[in-house]
Structures are given as structure tokens and as C-alpha cells.
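In: Model the following, please.
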Amino acid sequence: MDTITLKLPDNFSNILVNLPESGMGYQIVNVILRSGKILYKHKVLNSEILMLEENELIQARDIANIELESK
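Out: Down below sits the predicted model:
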């Protein structure tokens with residue numbers, strides 16, 4: 001399955017930049033959508049690029065919150 005990317009709005013990037021990385025240059029996050037759906041264990045590169053599966057057709061305005069995945 002292919003992946004697509006979504007540039008996160010500055011308000012989410014500003015939060016993520018101050019949180020620890022899960023690995024070199026990326027964070028594993030849960031994305032909470034305004035609809036109530038949660039996208040679990042998604043990668044964000046450099047605190048600004050969200051990696052999505054090709055069937056996850058969301059836009060930045062659909063995101064209510066982003067949280068670091070707890071291990």
C-alpha cells in the first residue's frame with residue numbers, strides 16, 4: 001500500500017517540535033479527527049509531515065488533536 005503525506009498546520013508542528021522523538025527525525029503519534037475517529041501509530045517526519053495510507057483521505061482541517069503514541 002502506498003503512503004501519502006500531509007503537511008501539518010503550524011499549531012500542531014509547534015507542539016510536536018517540543019516533544020521527544022520516537023526515532024531519528026520522526027515521532028509516532030495518534031491523530032484524533034474531528035469526527036471522533038483516531039488514526040493510531042502514524043509517523044510524523046520532522047514534526048511537520050504526517051504519513052498517511054493512501055486510503056486515509058483527510059485534510060489538515062479534519063484534525064482535532066495529535067498526541068504522542070505512548071509505548
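In: okay, CA-based contacts and neighbour counts for the rest of this
Out: OK.
In: Would you mark the buried spots in stretch 56-71?
Out: Neighbour counts over stretch 56-71 (16 or more other C-alpha atoms under 10 Å) mark 63, 66-68 as buried.
In: And for residue 55, the neighbour number?
Out: Neighbourhood size, residue 55 [other C-alpha atoms under 10 Å]: 10.
In: Per-residue pLDDT of it, please?
Out: What the model reports for residue 55 is a pLDDT of 92.
In: Would you map the strands across this protein?
Out: Applying DSSP state E to the chain gives strands spanning 3-7, 26-33, 38-45, 49-53, 63-68.
In: can you redo those as a markdown table with distance to residue 18?
Out: Listed next are those as a markdown table, based on distance: least, C-alpha to C-alpha, whole Å:
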| stretch | distance to residue 18 |
| --- | --- |
| strand 3-7 | 17 |
| strand 26-33 | 11 |
| strand 38-45 | 13 |
| strand 49-53 | 15 |
| strand 63-68 | 11 |
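In: Which of the buried residues of stretch 56-71 sits closest to residue 4?
Out: Among the buried residues of stretch 56-71, residue 63 lies closest to residue 4 (C-alpha to C-alpha), at 15.9 Å.
In: contacting residues around residue 52?
Out: Shown in contact with residue 52 (C-alpha atoms under 8 Å, 6 or more residues apart in numbering): 3-6, 42.
In: Quickly list what the residue positioned nearest the centre of the chain is bridged to.
Out: For the chain, residue 50 is the residue whose C-alpha lies nearest the centre (C-alpha atoms, centre = their mean; 4.4 Å). In this entry, residue 50 is beta-bridged to residue 6, residue 44, by DSSP bridges.
In: do residue 39 as well
Out: residue 31.
In: So what's the residue count around it?
Out: By other C-alpha under 10 Å, neighbour count at residue 39 equals 14.
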